[in-house]
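3D, please:
(2 chains)
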Amino acid sequence: MTELEFDPKPRVAQPTASPARSVRRRDKRRATSLFAHGEPMVWLTGGALGLALAMISTLLFVVISRGLPTFWPQPVVEIATHDGQRFAGEVALSESFVIGPEALAALPADAAARARAALETSGGEIDRRMLRSGNYDLTGTHFRWVSDFEVAAESTPEWMLCVERLEWGRFYGVPTALEFDGRRSEGPSAQLWAEFESAHAQTRATWSERRSIEEHDIGRLAKAKEEARLAVRSAELEYGLQSPQRAAAEREATALSAELDEEMRALGERIEELKALNAGRRLLVRTADGAQATLPLEQVVRAYPANQLSAFDKLAVYASRVEEFLLDSPRESNSEGGVFPAIFGTVLMTLIMSVLVVPFGVLAALYLREYARPGPLVSAVRIAINNLAGVPSIVFGVFGVGFFCYTVGGGIDTWLFPERLPSPTFGTGGLLWASLTLALLTLPVVIVPTEEALAAVPRSMREGSYACGATKWQTIWRIVLPRAMPGIMTGAILALARGAGEVAPLMLVGASKLAEELPIDGAFPYLHPERSFMHLGFHIYDLGFQSQNSEAAKPMVYTTTLLLIALVVVLNVVAIWIRARLRRRFQGAQL
Amino acid sequence: MDTPQPSPLVRKRGRRERKTRRSVLVAERVARTAISLGGGLTIATVSLICVFLAWVVFPLFGAATLSPARALAGGRASEPIVACAADEYASLMWVLERSGRVTVLRVDTGAALESLSVSEQAQPAALGFDAASNVVAVGTADGAVRLATLGFEVSYPDPASAGEALAKLRPGERTLFSGGLAERLPDGQVRCVRLQLSISEPFELGAGKQGSAPRLLDLNVTESGATVAALFEDGRLTVGALKRTTNMMTGAETLRFRGGDLPAPNAPHEELPIALRLLGAGDNVLLVWRDGHGVRYDARDLSSATAAESLELRQAPEVELTQVDAALGERTVLVGDSKGGVGAWFRTRPEQAGTVDGARMARGHWFEGDGVAVTALAPSATSRSFAVGRADGRFELYFLTSEKRLAEGRTPDGSAVDALCLAPREDALLVHSAGGWSAHQLTSHHPEASVSALLRPVWYENYEQPEHVWQSSSGADDFEAKFGLMPLVFGTLKATFYSLLFGVPLALLAAIFSSEYLAPRTRVAVKSTIEIMASLPSVVLGFLAGNVVAPLVQNSLAAVLASFYCVPIALLFGARLWQLAPQGLVLRLVSWQRLLVIVLALPAGLLAASFLGPWLEDLAFGGSLDAWLDRQHGGAAPGWFLLLLPVAAVGATLGVARLADAWVRRVSQHWSRARCAQFDFVRFCATGVCACLLAALAAALLDVAGFDPRGSLLDTYTQRNALVVGFIMGFAIIPIIYTLSEDALSSVPEQLRQASLGAGATPWQTALRVIVPTAASGLFSAVMVGLGRAVGETMIVLMAAGNTPIMDWNVFSGFRTLSANIAVELPEAVEGDTHYRTLFLAALALFAMTFVVNTGAELVRQRFRRRAYQL
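Sure thing, here's the model as predicted:
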């Protein structure tokens, strides 16, 4: 900007004054330009910019400050209230609120007096905390509020364990005994803890084996059986109900089924064996209010004595939780566990999308810029493509569901998979359709910068190339495309970022709350483009908006949000960086 | 580019060969083909989107088609037809004549399968028919009533074991089979449809009143039981419920009627009513006479049933009523008259009904006739369609709610239509006239949709008046889906309006500051930051709107509202303070340092708001803004004051400027800078006081005049509301508007700026008088693009707008937009039905809206660019 030096005697003060008057008053026009600087308006414009910047930093701060500490182990406090309740938990939230007189009246005299004193100093507001009290199977609630004046005693018991379980959420309690393979030890807590750690590792190993059998082997058998049934149905459709082919397929299926049943039985026995092995491995725990509970060790995902962790231990718990978050499947209706399937789905969908969109986007841009004869038609197409970027994403979703899923997918189903009907294979939302829909959506994001980059390649370079005898394609391939690479890369990366963050169309064309299977697995043909998949953005929508137990799910949503923002922002920053770097590289060669 | 062929002469001299290699030429051709094909296809695919959406939407507005008449050979009724119905597959139909004879006909040939009777006597005294359950009440002269159920039984016999006749049947063929009609289906199965007639034991209508024969009967069968109404020869009207009791000893079932007499209609009538209808769940009885008079009885309590209202059902005094029937759900009565008009009447609940049950019959729909009497009415058993037959042999098919004429036809011989039968799936229409039955094939796609039904208020059953309603699904069976798009369009506009209201000023002001007052390096950094803000997934914004902003706004509504006032005031106030600062300091702090100083005013404003808000809430709104908004206490004045304050502030500033500027300019010529600053400070404070006084005065006047902002712009607070959406969606559109307008401002040629500054204008004067006017079209197009983005934004409104399809401008209430509606409902819509196509229509509307807005913006921007280059 150009900052004018302040001049107490500016020569122009009344730009609107008529020439005649200005001549007459030349000596008098000594007005200060302070009013002309419009300082208040400048402050409004600056304030607007500051507000915009403040809003984005606040947003990032909120997400980071709520997302990052999610996995940090908190101390477990045990609280006894005046009405005789005792419970333990991690503090999830604290706030101040206005208390009603009837709540004070219900307190014992001394506590009420203290509360009143506290109220007077704080101006009618009092602090309360929300404790994640866990033990859902015993209490029927995950959280409870406790106001400061209700607290009779507060402590952090040394051996209060925080136990994360496969079901029912967290459990807080002090270990009293450990049962392991028929042996029961009731020693002091420290000794119990040491025993627990080794016992838990063994139990989890057994459990992992069982889970692997249940998920993979049994799934494989079920699939083989389903294939055989479909083969029968397929033969029936092709050759008729009474055909020998169908009878043959039926015989084969029966034989296979018997074989598979045998295998299944063997696996079932193994599972029962493992179950029986783990059944006797239990941790006996006493909760804060004195209730006894038995926790099967195989249900315990992770346990730690929350109140005696060193900083290093806490870091270890944190790291282990982050690892679980990134690499494990969700459980407890997505509110716990990890988001690996969602990460996997997002990345895979975005990759397929970019494989589709980048070549076609570049082709379209090349066609528009290099091959199509310039004219009103090409200009119209260009404007249309530009505007496609402004068409709401949900419209692409509607197109995707109507065209890809129902029309194309339905056609594929009746043509290739008639034996599976009426349950659709391609005729419903899935990975391929989602990728195609997003590819359409991001097409302008690729075409527009690519075209701009192609247009920016100096004409002289092309002419030089032609003069050397190169053909058009050689010129494009050797001269134009390399120079346009920054634009193309930027477009591609921006398309990736847009595709990764877009949710609305995916809600229609295939993102699902919980996908049973990953779209890539060990069964032929390895990549299953018809399967529905999980997506980080949809995960956020589902957890943050549709979840039953939204309070418990909140930490997960914030971490997932953080992950998604990080992914998108990193992609964007990379795009900006590449653009800047490649621009610099070519700057010297600018002709 | 092909290299020119080298001449043989050159080759001879042993120079380097200049022939283009074949592979290069092939690559050239392949590349040209591939790029043209690929590029062309890609562009074609893009245009496919619009075409496909339109292709899905198009059938919505198509009319039904009726095939030419196919005369059926047999089954001509010799007596008046009381009722008729076809089975679901339109293969058989039964026809009940006045004599009690039931004839079963094949729909394809008209051949009579069998002839039965619902009455043991030769001539039943009265017949009443309930279309929903296919039960006929047969009253005999001795006062007894029997219930005859005429149900179609569908079975799928195994063709292999069922005998020769079925095994030989080819797909599509039909044959008689065990008293019914069998048809081979395309998938090889055989479907057999048969009529089942069962007649109950007789029961008496009212104890001890044997002998008087019923003249009119109606019955209404619901899940909980049946209601019967009867009008006897002696003028007695009785209504009551049927109870089924089982004898413990014999196991025999008996029906018992329990009910009471209704008071006789007051108006004297020579003749009998033409119709007796039970309405709704049997709790209302309607008697209709030929002269248009109708009486509705409230029969909710059978022991004290009374006449609720007397009706005039005719359109004009000279017509007579000819036909009365009830549409699906038995809540709407269709009344046909001698001039061909058909009226649809149903109960509404206006505020001043003046009847014992608070309801009134109103004519919701009127189908104008052309003078030819209505001779037959046939409501559909599955939808709100109905067929009308006329005395001159014409018949039409209408849809009740949309008042759309679906199809029309004429009997082959032009004789009067005396019965119509609409197949349950509405794929066949059977017409009976003097010449016998004739059949028409019918394809009716989306009768409930029409341009006016989608966009104009529609009078739905039991609503008080025509309204815009979007309600696509419900638990009830006879629920009618209501596809009024207006609430969704309204919601979209509301979201767009509030987000633009918040986002546009911020984005434009911010763009002016960064293009005019920031150093290039800082500008690049700021712009990149804001571009990253643009890339934030909207699901994240929606989640934060719903989970962080909405609770925050709810908990501290007063402070949030106060900050809308405090932050700008803090900025303006800060500027006045800054003017008082020493000149050396002011000149040293430029670019980002200046921004930093300005930003300090933001926390100050927010802090002030957090104190001022609750204080104002206590002072002016009785301690609770929520309750005030809910109209629980307090007058309108404080609300008006706050609403009018910005207007008053602008007015006061302009007024002060007009009154004092010339004088200030004159006297301030010799003032020092500090003096000017002090004066400006005082003037600012004085203007503020003036604005407050003005606003207070206007608020008091408006309050006295009886206007209240609650009910329009302000009203009851809901947690997910337009304020939250406006804030977060404003946040979402700020980056795009900012980036585009910053581009526009920056591309104003530098020489203009230099010239202006060189002529002695201050940067602010340059910005306001030179840069902004030059870039105005660019700024406009930026706002248009932002508008396009706001119109189609889905996730934010889905998660923060509450999704209630209501129409009001209240900033504290929720709404549902077109886009959110698609996201919520399309996954559940059945492919190809009206709901699905209506959602596609919504998508097409969004597409068209944004495409038009964006194209407009693009054209404006191109013009701006051309102009900027010329300057």
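
how many neighbours does whichever residue of the stretch 301-450 of chain B sits closest to chain A have?
At 15.8 Å from chain A, residue B:446 is the closest residue in the stretch 301-450 of chain B, using Cβ to the nearest Cβ. (C-beta placed from N, C-alpha, C; glycine too.) Residue B:446: 24 surrounding residues under other Cβ atoms under 10 Å in any protein chain shown.

can you pull the contacts of it?
By Cβ atoms under 8 Å, 6 or more residues apart in numbering or on different chains, the contact set of residue B:446 is B:59, B:60, B:61, B:62, B:833, B:834, B:837.

checking it next. Helix, strand or coil?
coil (DSSP: H, G, I helix; E, B strand; the rest coil).

show me the contacts of residue B:446 that map onto strands.
Applying DSSP state E to those, no entry is found in strands.

are any of these buried, and which?
Using 16 or more other Cβ atoms under 10 Å in any protein chain shown as the burial test, the contacts of residue B:446 include B:60, B:834, B:837 as buried.

give me the distance between the first one and chain A.
Put plainly, it is residue B:60. Here the criterion is Cβ to the nearest Cβ, to the nearest Å. By it, residue B:60 lies 13 Å from chain A.

I figured that residue hits residue B:834, correct?
Yes: Residue B:60 is within contact range of residue B:834, at 7.0 Å (criterion: Cβ atoms under 8 Å).

mind listing the shared neighbours of the two?
Counting by Cβ under 8 Å, 6+ apart, the shared contacts of residue B:60 and residue B:834 are B:446, B:449.

so which of the contacts of residue B:446 comes closest to chain A?
Of the contacts of residue B:446, the one sitting nearest to chain A (Cβ to the nearest Cβ) turns out to be residue B:837, at 9.7 Å.

where does that closest one land on pLDDT?
Looking at residue B:837, its pLDDT is 91.

same check, this time on residue A:100
Here, the pLDDT recorded for residue A:100 equals 69.

likewise for residue B:3?
pLDDT, residue B:3: 50.

can you check residue A:39 too?
pLDDT at residue A:39 comes out at 86.

pLDDT wise, what is the residue in the stretch 501-650 of chain B that chain A sits nearest to at?
Chain A sits closest to residue B:537 of the stretch 501-650 of chain B, with a gap of 3.1 Å, by Cβ to the nearest Cβ. With respect to pLDDT, residue B:537 scores 89.

I'd guessed it sits against residue A:503; true?
Yes: counting by Cβ under 8 Å, residue B:537 touches residue A:503, with 6.7 Å between them.

now do the contacts for residue B:507.
Neighbours of residue B:507 in contact, by Cβ under 8 Å, 6+ apart: A:48, A:52, B:733, B:734, B:735, B:737, B:738, B:741, B:782, B:786.

circling back: overlap of the contact sets of residue B:537 and residue A:503?
Common neighbours of residue B:537 and residue A:503, counting by Cβ under 8 Å, 6+ apart, are A:537, B:795.

the two: which has the busier surroundings?
residue A:503 (28 against 23).

what does the residue of the stretch 301-450 of chain B closest to chain A show for phi and psi?
Dihedral pair for residue B:446: phi -130, psi 70, per degrees, to the nearest 10.

now swap in the one 4 residues further on and tell me
Backbone torsions for residue B:450, taken as degrees, to the nearest 10, come to phi -150, psi 160.

so it touches residue B:405, yeah?
No: using Cβ under 8 Å, residue B:450 makes no contact with residue B:405, being 9.8 Å away.

neighbour count: the two, which is higher?
Just comparing residue B:450 and residue B:405: by other Cβ under 10 Å the higher neighbour count belongs to residue B:450, 21 against 16.

for the closest residue to residue A:224 other than its chain neighbours, what are its contacts?
Of all residues not flanking residue A:224 in the chain, residue A:260 sits nearest, at 5.9 Å (Cβ to Cβ, 6 or more residues apart in numbering or on different chains). Each residue near residue A:260 by Cβ under 8 Å, 6+ apart is listed here: A:221, A:224, A:225.

again, only using 10 Å
For residue A:260, the contact set (Cβ atoms under 10 Å, 6 or more residues apart in numbering or on different chains) comprises A:220, A:221, A:222, A:224, A:225, A:228, A:253.

tell me how far it lies from chain B.
Relative to chain B, and taking Cβ to the nearest Cβ, residue A:260 is found at 30 Å.

confidence score at that residue?
The model reports residue A:260 with a pLDDT of 87.

helix, strand, or coil at it?
Under three-state DSSP, residue A:260 falls in the helix class.

distance of it from residue A:340?
To residue A:340, residue A:260 is 29 Å away according to Cβ to Cβ, to the nearest Å.

what about residue A:166, how many neighbours?
Using other Cβ under 10 Å, residue A:166 has 15 neighbouring residues.

do the one 5 residues further on as well
Neighbour count for residue A:171, taken as other Cβ under 10 Å: 23.

now list whatever residues contact both of residue B:450 and residue B:405.
Listed contacts common to residue B:450 and residue B:405 are B:63, B:399; contacts here mean Cβ under 10 Å, 6+ apart.

which residue does the stretch 201-350 of chain A have closest to chain B?
Closest point on the stretch 201-350 of chain A to chain B, by Cβ to the nearest Cβ, is residue A:241, at 7.3 Å.
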